[in-house]
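> Provide a 3D model corresponding to the input given below.
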Amino acid sequence: NKEVEKKEIAKFRKKLTKTLSEILQQIILKTKITSDIYRQKQIFMLGIYTIVHLFSFLMLMKIYYKSKKNETYLKNVITKNILLSEEKENFLSTMSHEIRTPLNGIIGIISLLKINLKDKNEETESLLHKLEFASNHLLSLVNDVLTFSKLKHQKARVNKSEFNVEDTILEVTEFFTTKAKEKQLEIIVKIEPFIPATVIGDRQKLEQILTNLISNSIKFTSKGYIKIEVTKEKEVEDTIFIKFEIEDSGIGIPDNKLEFIFEPFKQISDPSIKPKEGTGLGLAICHSLVSLMGGEISITSEVNKGTTITFVLPYTISKRFNELYLDTIKEISVYTFTQENKELQSLYKDLFDVFEMKEFKIFSSTQALTAFLQDIKGKNKKTLVFWDTDHAKEELESFLGLVNIMDDNTGLCLLGISQSPIISDYLSKHKEILLQHKIWFVEKPLTRSKIINLIMNYFHDRKRKIQSNQKTFLKEDKHLSGKKIMIVDDNALNRDILVKLYRTTGAKAIPATSGLDAIFSVEIEKPDLIIMDYHMPFMNGKECAKKIRDKGIKTPIILLSGDVFQPSDFHNEDNQLFDEILSKPINFQILLTKSISLLQAQTSFRLNNNTESPFPLLKNIYNEPDKYKKALEIAKNDIKEKLIELRKIVEKKDYRKIKEIAHYIKGSLGYLNCPEAVETLKSIEVLALKNEEIDNIVQLM
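Numbers count the residues shown, from 1 in each chain. This next block holds a predicted model:
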């Protein structure tokens, strides 16, 4: 049994070994088969992967080449758009010049006709008025469209120069005086006493904003007033933020229109208020210009009560207003005679209250004013009386009755519009009587400088004559008479109009047909003033002016241009070439005013240089030798005491007091022709304002 059992066990082991061998072979076979299948699948997947990547690569290459193609296309489109934009700008520039040139001729002819047709009948005068209105309206439309295009293409630049804010406002209001007079509107200009005498900024853009806003106010106001108020918003070191408010008593704007009012082409289209007028670009242009200069603009309005537009602009302070003038004004009493109009009287009171004068009263009765002046006569009371000719013209003849009760402490001023035939006839009729007394005619609007000049002239200038702060309106007075004015323009019509215009003033007008002609003629003719067109063949106005300046010739040059893109954007260094830049079509009244101003500035400069007095301003104020000497002694002692006081305060490091005393001395030295000392004191003021740098203040001391 054991042997059988052993045999069975051996047989079983043999079978088990065979079975295990077969199983192992099956496993190896299956593994090999599986491995082959996986390898095939791997090769397949690798193939698919390769195909996908190859496809992706081909797609990327396609996208790349397509993008390159698109990029080239876009570059071509951009280049084409730039060229089209430049062509558009050149077209606008050319069209601007082409449109304004004939407009300049039309407006010039109208101006000459108004001068030459002295005996024109009512019908002729009406036709001329309508023609002038149509021309100016067309000019306004052209200017709005071109200016808006200029701002949209970001071609406008801020050109900074020193200018007088008050003079700028007066030049703008003078342009609207006649239109305001026709609608019996009063234009009031109120300027805060401490607004600087001059600032540095873009005068032309301020003029443009004011022109648009005042034009709108007059257009939408049928009765009442337009008030321009200028105040200081804030001051940071040498930068002042000036707030301008244009207020009117017009039709107002509905609340639902206010939020869109500064958008282009938006107009007041409410038929119950006013039909559409203009392009709807004026306020959009104002908004863009204010933003360009770093300011803000806003509007408030009430239907049938009026509108107020406020904008604030930053300017660099150049020359501060002399506070000594304000001390003089506080000793003066002012009385105004006008019609019984509470709204107008309130505006006058507001205008004078800002100066803190000794006394201010308004009279609406000739008898009451006469009785009052009679009562204060001989009481040594310094008095100025303003007689508003527009609102008291029916009693104008009574004005002469005041002359008899005048004394040395009373000044009489006729206040009105020079273009009024009532005024010009009255001045001519009573010329002999008026010349014997110290009586002024003052052009409206009445402003800070006009009031100050009147007071300073009256109490320090004893010459008996009719005077005006802006100009003298006696017909025989010729500011341009005998002056040589060179007119440089290639356009025969424009040249001829300007030549005739200046000859009507008594000036000698010298025509020059081109820039080359002007360069050859300027040394021979030696003109007092040059009026030059910008667009001329072979040599434009800028090139011509540069060659004239290179010769050392400093004759004032006024540039005229109808180009919307170039002259107004000259860089500051180019401003040395021109004394004024005016846009076509020319407002001939402004051109003549600028001409007179430049020629008077020349004369004034020569007089100051030739004077024997080292203190010409003080000498002009105190004509009598004894008073002049006394004034010098007072100034010497006063300044000496203040300098000693300033030195002590500097040692104590009392910055507030340092600023106060430096400002006081600076004001006194303003009369004594000491610009370097004034600048030094100004620097001390600035440092004291910062409450630091005491060592630098000591050094300046």
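
> helices or strands next to the helix or strand hosting His53 in the packing?
In this assignment (DSSP states H and E), His53 forms part of helix 2-116. Using 3 or more CB pairs under 8 Å, 6 or more residues apart in numbering; DSSP states H and E, the elements in contact with helix 2-116 are helix 122-152, helix 492-504, helix 588-610. C-beta here means a position set from N, CA and C on the backbone, and glycine is covered the same way.

> Next up, the contacts around Lys657.
Contacts for Lys657 (CB atoms under 8 Å, 6 or more residues apart in numbering) come out as Ile649.

> Which helix or strand contains it?
Going by DSSP H and E, Lys657 is in helix 655-669.

> Was I right to think Glu237 contacts Val686?
Yes - counting by CB atoms under 8 Å, Val686 is a contact partner of Glu237 at 6.6 Å.

> Those two - which one has more neighbours?
Between Glu237 and Val686, Val686 has the larger neighbour count (other CB atoms under 10 Å), namely 16 against 10.

> in the stretch 501-650 of the chain, which spans are strands?
508-512, 529-533, 557-561, 580-583 (DSSP state E, counting those that start in this stretch).

> Can you point out the buried residues in the helix holding Lys657?
Residues 655, 657-659, 661-669 are the ones in helix 655-669 that count as buried (16 or more other CB atoms under 10 Å).

> looking at the chain, which helix or strand does the model trust least?
Within the chain, no helix or strand scores below helix 616-621, which has a mean of 59 by mean pLDDT, DSSP states H and E.

> Of all the strands of the stretch 501-650 of the chain, which one comes closest to Asn691?
Of all these, strand 580-583 sits nearest to Asn691, with 42.0 Å by CB to CB.

> who does the closest one pair up with?
The pairing partners recorded for strand 580-583 under DSSP bridges are strand 557-561 (parallel).

> Show me what the partner strand is in contact with.
Taking CB under 8 Å, 6+ apart as the rule, strand 557-561 contacts 97, 489, 529-535, 541-542, 545, 548, 567-568, 577-584, 586, 591, 594-595, 598.

> ok and it relative to helix 492-504, angle-wise?
140 degrees (axes from the mean of the first three to the mean of the last three CA atoms, to 10 degrees).

> Pick the most buried one from the strands of the stretch 501-650 of the chain.
strand 529-533 (a mean of 26; mean count of other CB atoms under 10 Å).

> Can you give the strand pairings for it, parallel or anti for each?
strand 484-488 (parallel), strand 557-561 (parallel).

> So what's the model's average confidence on it?
For strand 529-533, the per-residue pLDDT values average out at 92.

> And for stretch 365-376?
83.

> same check, this time on stretch 6-15
Here the average pLDDT along stretch 6-15 is 82.

> How is the residue lying closest to Leu283 once chain neighbours are set aside assigned, secondary-structure-wise?
Of all residues not flanking Leu283 in the chain, Phe262 sits nearest, at 5.2 Å (CB to CB, 6 or more residues apart in numbering). Under DSSP: H, G, I helix; E, B strand; the rest coil, Phe262 falls in the coil class.

> How about Lys227?
Lys227 is classified as strand under three-state DSSP.

> now the residue nearest the centre of the chain: how far from Leu283?
The chain has Leu206 as the residue nearest its centroid, 1.8 Å off, counting by CA atoms, centre = their mean. Separation of Leu206 from Leu283 (CB to CB, to the nearest Å): 16 Å.

> buried ones in stretch 162-175?
Buried residues in stretch 162-175, defined by neighbour count with 16+ other CB under 10 Å: 163-166, 168-175.

> quick one: the helix holding His53 to strand 529-533, angle?
130 degrees.

> next one: helix 2-116 to chain centre, how far?
Its chain's average C-alpha position is 58 Å from that of helix 2-116, according to CA atoms, centre = their mean, to the nearest Å.

> Could you identify the least confident member of the buried residues of helix 655-669?
In terms of pLDDT, the lowest of the buried residues of helix 655-669 is Gly667, showing 68.

> lowest-confidence stretch among the helices and strands packed on helix 2-116?
Averaging pLDDT over each of those puts helix 588-610 lowest, since it has a mean of 63.

> surely Ser481 meets Lys508?
No - here Ser481 does not reach Lys508: they are 9.4 Å apart, not a contact under CB under 8 Å.

> So what's the residue count around the nearest residue to Glu302 once chain neighbours are set aside?
Spatial nearest neighbour of Glu302, chain neighbours left out: Gly252 (5.0 Å); criterion: CB to CB, 6+ apart. Number of residues near Gly252 (other CB under 10 Å) recorded here: 20.

> backbone phi and psi for Gly252, please?
phi 80, psi 180 (degrees, to the nearest 10).

> residues touching it, list them.
Gly252 neighbours (CB under 8 Å, 6+ apart): 273, 301-307.

> Would you state the strands of the stretch 201-350 of the chain in chain order?
Secondary structure of the stretch 201-350 of the chain by DSSP E, counting those that start in this stretch: the strands cover 224-236, 239-248, 296-302, 306-319, 333-337.

> what about Thr221, how many neighbours?
20.

> For Asn216, see how far away the residue nearest to it when sequence neighbours are not counted is.
Spatial nearest neighbour of Thr221, chain neighbours left out: Gly250 (3.4 Å); criterion: CB to CB, 6+ apart. According to CB to CB, Gly250 and Asn216 sit 9 Å apart.

> Which of these two has more residues huddled nearby?
It is Gly250, of Gly250 and Asn216, that has more neighbours when counted by other CB under 10 Å, with 25 against 22.

> How much space separates the more buried one from Thr310?
Counting by CB to CB - Gly250 and Thr310 are separated by 16 Å.

> Alright, I will stop here.
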